[in-house]
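Novice: For reference, the sequence and a predicted model appear below.
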There are 2 protein chains.
Amino acid sequence: MSLKNDLLLRAAKGESTERTPVWLMRQAGRILPEYRAVRGKLSGFKELVETPEFAAEVTIQPVDILDVDAAIIFSDILVIPEAMGLAYEMVEKKGPHFPKTVTSSNDIDSLKVADPSELNYVYEAIKLTKSELDRRVPLIGFAGAPWTIFSYMIEGGGSKTFSKARGMLYTNPSDAHRLLDMITDTTIGYLKNQIAAGADLIQVFDSWAGVLPPNHYSEFSLKYISKICDAIDEVPITVFAKGAWFALEEMNDLSCNTVGLDWNMNPNKAKEVLKSKTLQGNLDPCALYGSFSEIEEETKRMLSQFENHSHIANLGHGVYPDTDPEKVKCFINSVREFSSR
Amino acid sequence: MSLKNDLLLRAAKGESTERTPVWLMRQAGRILPEYRAVRGKLSGFKELVETPEFAAEVTIQPVDILDVDAAIIFSDILVIPEAMGLAYEMVEKKGPHFPKTVTSSNDIDSLKVADPSELNYVYEAIKLTKSELDRRVPLIGFAGAPWTIFSYMIEGGGSKTFSKARGMLYTNPSDAHRLLDMITDTTIGYLKNQIAAGADLIQVFDSWAGVLPPNHYSEFSLKYISKICDAIDEVPITVFAKGAWFALEEMNDLSCNTVGLDWNMNPNKAKEVLKSKTLQGNLDPCALYGSFSEIEEETKRMLSQFENHSHIANLGHGVYPDTDPEKVKCFINSVREFSSR
């Protein structure tokens, strides 16, 4: 059954489109009062992630309210370490916290490559969303990149320096590779099940790409992203590696369709290097604090930088929680208006 | 009176040296038990910064203990906003905190371009250090780049996104420029007094360079760094803009002698772009978690990347507090041994 709006899928495949498709990272939740109303009824963030009915509801909200060209399933990249045996908590206003972290070889021994069925609630949420979306727009499935997941498992949460996770690449590279392999295998099974449940496109988020030196990024991150890209051939795949400007040339070799750019990246440089990839991004999320007319101007400027290249409009990072939804609509409408050919 | 060891100054000026000079960012304090012994006697971090005798003592410790080729005055970049009228606290294990932040035009009106004499305790510490160093090695003075100081004044401390500071560049660029101008003028007076007191070289730290899109970095950061570089012609100047890989070409136009590189940066690329600048850096601070033989290997690899270019060895960021001082010595000795010509 074909989609009513397949702009995103066609752009991801490098096909020409009537206008540039647009969606926002973190659009499900974060900014909408309608999201907070659902969230407020529940015990916490994880209940929302683990209950397919609620996850589907907040996944569809941005499609209804903001009129974006894709939905992205409401979930969390940290369901992967949890399925592998490392539980986490989501601490209000602080972020994720792992009560137990990986500090030794024994800790890795005690983890497993998860059976994909452990994450059935995600596939159920995808099925439900697909049914309720009724082919209006594509649904994006996602996972964290193995390096980013690894960092959380070693650090136990966010970090200023990620010095524990990065340090292990010097002190115990073989254990690091062992854990990264387990995360990768778990992730491939998980993504294949997301696709079987109905995900039309996959995005891999490497949030902590930017903390590694280039040689370590190749060895401990890109290698595993590449393995995932090679394993997923059912649907288009997007890789968003925040801060990995130094790996742009190497990203050309990934078997992915689309590369996401953060707001530091000069689109002209990326167009030059990534000739055969669709590019996604990259308005500074802070631009949405400006006035309506400034947002129009910044959006036009951004669109013009991607001209003559296959492009999916987005911010250069997730939308910030204190952004006015009307400003988000202004961004989306500006893309629609000014990219029409 | 000439210095006994002037390797750093000669390398900064692009002159050839018998071996590569080496020092560490954050070498004064952070890792040495001798530092913690001094710190433990005092009421807090700020007493150490504001008492010339103690500041001089911990400034010289790394020269005595680690045998580095330069001392850097023990101080804090946030003495500048404090002198301008915005007081801060240093919260143990958390970092700096400003009880009051800049949130309006009125807040900027209430600040002043500081009289350099407000920071006399820093110049006193420099004089004392110079006298106690007895010309063994050069003494580096420093300040934060105006954008980094501005960020602290708006955010009130560290931040994951710096979205308030960055947001102001969209919502109120003229006030942002007004405050940046005041910070810049204060900083120039401050650095000139550091030099008059005896600083042999100046380093400007732009710690939060990497959070800005390239056009904003030019307009709101580089412009002011450039103003500082133009005003300081008494001694060599080093600019370390962490994460500002996208501005490398523009940094060529700064009237500074040396550009510091973080560990993300490929030295070969930097050599190509910054042909006439001395380069400083850029070993990953996490490399010092490795074994002694691994540190030797990583240091050799780093030195070889800077070959045939004027180079000051350093880490790509401040040394991490949990680094074994013996590992730091191994790094320093490796530079001495393997860079000898």
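Specialist: Sure thing, it's come through.

Novice: Point out where chain A drops to low pLDDT.
Specialist: A:1, A:341 (pLDDT under 70).

Novice: in it, what residue sits furthest out from the centroid?
Specialist: Computed with CA atoms, centre = their mean, the residue of chain A farthest from its C-alpha average is A:N106, at 30.8 Å.

Novice: Pretty sure it sits in a helix.
Specialist: Yes - under DSSP: H, G, I helix; E, B strand; the rest coil, A:N106 falls within a helix.

Novice: residues near A:D230, how many?
Specialist: Burial of A:D230 is recorded as 12 neighbouring residues (other CB atoms under 10 Å in any protein chain shown). Where you see a C-beta, it was placed from the backbone N, CA and C, and this is true even at glycine.

Novice: Next one: stretch A:202-217, is it in contact with chain B?
Specialist: Yes - against chain B, stretch A:202-217 shows contacts by CB under 8 Å from any CB of the partner chain at A:210, A:212-214, A:216.

Novice: can I get those in TSV with secondary structure and distance to B:N257?
Specialist: Compiled in TSV, the residues of stretch A:202-217 next to chain B are given as follows (DSSP: H, G, I helix; E, B strand; the rest coil; distance: CB to CB, whole Å):
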residue	secondary structure	distance to B:N257
A:G210	helix	28
A:L212	coil	29
A:P213	coil	25
A:P214	helix	26
A:H216	helix	30
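
Novice: A:L86: neighbour count?
Specialist: A:L86 has 21 nearby residues by other CB under 10 Å.

Novice: is the spatially most central residue of chain A in a bridge, and if so with what?
Specialist: Centroid check for chain A by CA atoms, centre = their mean gives A:F205 as the closest residue, at 4.2 Å. Note on A:F205: beta-bridge partners A:G144, A:F240, judged by DSSP bridges.

Novice: is it true that it touches A:P146?
Specialist: No - at 11.2 Å, A:F205 does not count as touching A:P146 under the criterion of CB atoms under 8 Å.

Novice: what packs against the helix of greatest length in chain A?
Specialist: When chain A is scanned for its longest helix (criterion: DSSP state H), the result is helix A:173-197. Packing partners of helix A:173-197 (3 or more CB pairs under 8 Å, 6 or more residues apart in numbering or on different chains; DSSP states H and E): helix A:79-84, helix A:105-109, helix A:120-133, strand A:139-144, helix A:146-155, helix A:163-171, strand A:201-206, helix A:223-231.

Novice: Spell out which parts of chain A neighbour chain B.
Specialist: A:158, A:160-161, A:163, A:166-167, A:169-171, A:210, A:212-214, A:216, A:243, A:245-246, A:263-266, A:284-287, A:289-291, A:294, A:298, A:316-317, A:320, A:322.

Novice: What's the ChimeraX line that selects buried ones from those residues?
Specialist: Here is the ChimeraX selection string for the buried members of the residues of chain A next to chain B, based on 16 or more other CB atoms under 10 Å in any protein chain shown:
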select /A:161,163,166,167,169,170,210,212,213,214,216,243,245,246,263,264,265,266,284,285,286,287,289,290,294,298,316,317,320
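
Novice: before we move on, the earlier item: could you identify which of the helices and strands packed on helix A:173-197 is most buried?
Specialist: Of the helices and strands packed on helix A:173-197, the one with the most neighbours on average (mean count of other CB atoms under 10 Å in any protein chain shown) is helix A:146-155, at a mean of 26.

Novice: What lies in contact with it?
Specialist: With contact meaning CB atoms under 8 Å, 6 or more residues apart in numbering or on different chains, helix A:146-155 is reached by A:77-78, A:80-81, A:86, A:88, A:96, A:98, A:101-103, A:144, A:159, A:162, A:164-165, A:168, A:176, A:179-180, A:183-184, A:187, A:205-209, A:211-212, A:217, A:220-221, A:224-225, A:228.

Novice: If I take that helix and helix A:163-171, what angle do their directions form?
Specialist: Following axes from the mean of the first three to the mean of the last three CA atoms, to 10 degrees, one obtains 110 degrees for the angle between helix A:146-155 and helix A:163-171.

Novice: Could you give the separation of helix A:146-155 from the chain centroid?
Specialist: 15 Å (CA atoms, centre = their mean, to the nearest Å).

Novice: how about the residues of stretch A:202-217 next to chain B in CSV, adding distance to B:A114?
Specialist: Below are the residues of stretch A:202-217 next to chain B laid out as CSV (distance: CB to CB, whole Å):
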residue, distance to B:A114
A:G210, 35
A:L212, 39
A:P213, 38
A:P214, 41
A:H216, 42
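
Novice: Nearest to chain B among those residues?
Specialist: Here the nearest of the residues of stretch A:202-217 next to chain B to chain B, counting by CB to the nearest CB, is A:P213; it sits at 4.8 Å.

Novice: I'd say the closest one and B:N264 touch.
Specialist: Yes - assessed by CB under 8 Å, A:P213 is found in contact with B:N264 at 6.3 Å.

Novice: which residues are common contacts for those two?
Specialist: Overlap of the contact sets of A:P213 and B:N264 (by CB under 8 Å, 6+ apart) consists of B:G316.

Novice: re the thing from before, show me which residues of the longest helix of chain A are buried.
Specialist: Those would be A:175-176, A:179-180, A:182-195, A:197, for helix A:173-197 by 16+ other CB under 10 Å.

Novice: Show me what the helix or strand where A:V259 lies pairs with in its sheet, parallel or antiparallel.
Specialist: Using DSSP states H and E, A:V259 maps to strand A:258-260. According to DSSP bridges, strand A:258-260 forms sheet pairs with strand A:237-241 (parallel), strand A:278-283 (parallel).

Novice: which is the next helix or strand following it?
Specialist: helix A:267-273.

Novice: Please name every helix or strand in contact with that next one.
Specialist: helix A:248-251, strand A:278-283, helix A:292-305.

Novice: On the C-terminal side of the last one, identify the next helix or strand.
Specialist: If I follow you right, that is helix A:292-305. Taking DSSP H and E, what comes next after helix A:292-305 is strand A:311-315.

Novice: For the residue lying closest to A:G95 once chain neighbours are set aside, list the residues it contacts.
Specialist: Among residues not flanking A:G95 along the chain, A:G158 sits closest, at 5.5 Å (CB to CB, 6 or more residues apart in numbering or on different chains). For A:G158, the contact set (CB under 8 Å, 6+ apart) comprises A:95-96, B:160.

Novice: Could you check how far A:G158 is from A:P62?
Specialist: Distance, A:G158 to A:P62, using CB to CB, to the nearest Å: 25 Å.

Novice: hmm, back to that, please identify which of the residues of stretch A:202-217 next to chain B is nearest to A:L48.
Specialist: Checking the residues of stretch A:202-217 next to chain B against A:L48 with CB to CB, the nearest one is A:G210 at 28.6 Å.

Novice: Just say helix, strand or coil for the spatially closest residue to that closest one that is not a sequence neighbour.
Specialist: Using CB to CB, 6+ apart and skipping residues adjacent in sequence, the residue nearest A:G210 is A:G243, 1.9 Å away. Put simply, A:G243 is coil when judged by three-state DSSP.

Novice: Do I have it right that A:G243 meets A:L261?
Specialist: No - using CB under 8 Å, A:G243 makes no contact with A:L261, being 10.8 Å away.

Novice: Just confirm A:L42 is within a strand.
Specialist: No - using three-state DSSP, the secondary structure at A:L42 is coil, not a strand.

Novice: excluding its backbone neighbours, what's nearest it?
Specialist: Nearest to A:L42 is A:L48, by CB to CB, 6+ apart, at 5.5 Å.

Novice: which stretch of helix or strand covers that neighbour?
Specialist: helix A:45-50.

Novice: Let me know how buried A:L283 is, in neighbour terms.
Specialist: Counted with other CB under 10 Å, A:L283 comes out at 25.

Novice: any idea how far it lies from A:A209?
Specialist: Counting by CB to CB - A:L283 and A:A209 are separated by 19 Å.

Novice: Stretch A:208-226 spans what distance, first to last residue?
Specialist: 16 Å (CA to CA, to the nearest Å).

Novice: And the contacts of that stretch?
Specialist: A:145-148, A:150-151, A:161-162, A:165-166, A:169, A:173, A:176-177, A:180-181, A:183-184, A:204, A:206, A:239, A:241-244, A:246-247, A:250-251, A:253-255, B:210, B:243, B:263-264, B:266, B:284, B:316.

Novice: Thank you kindly, that will do.
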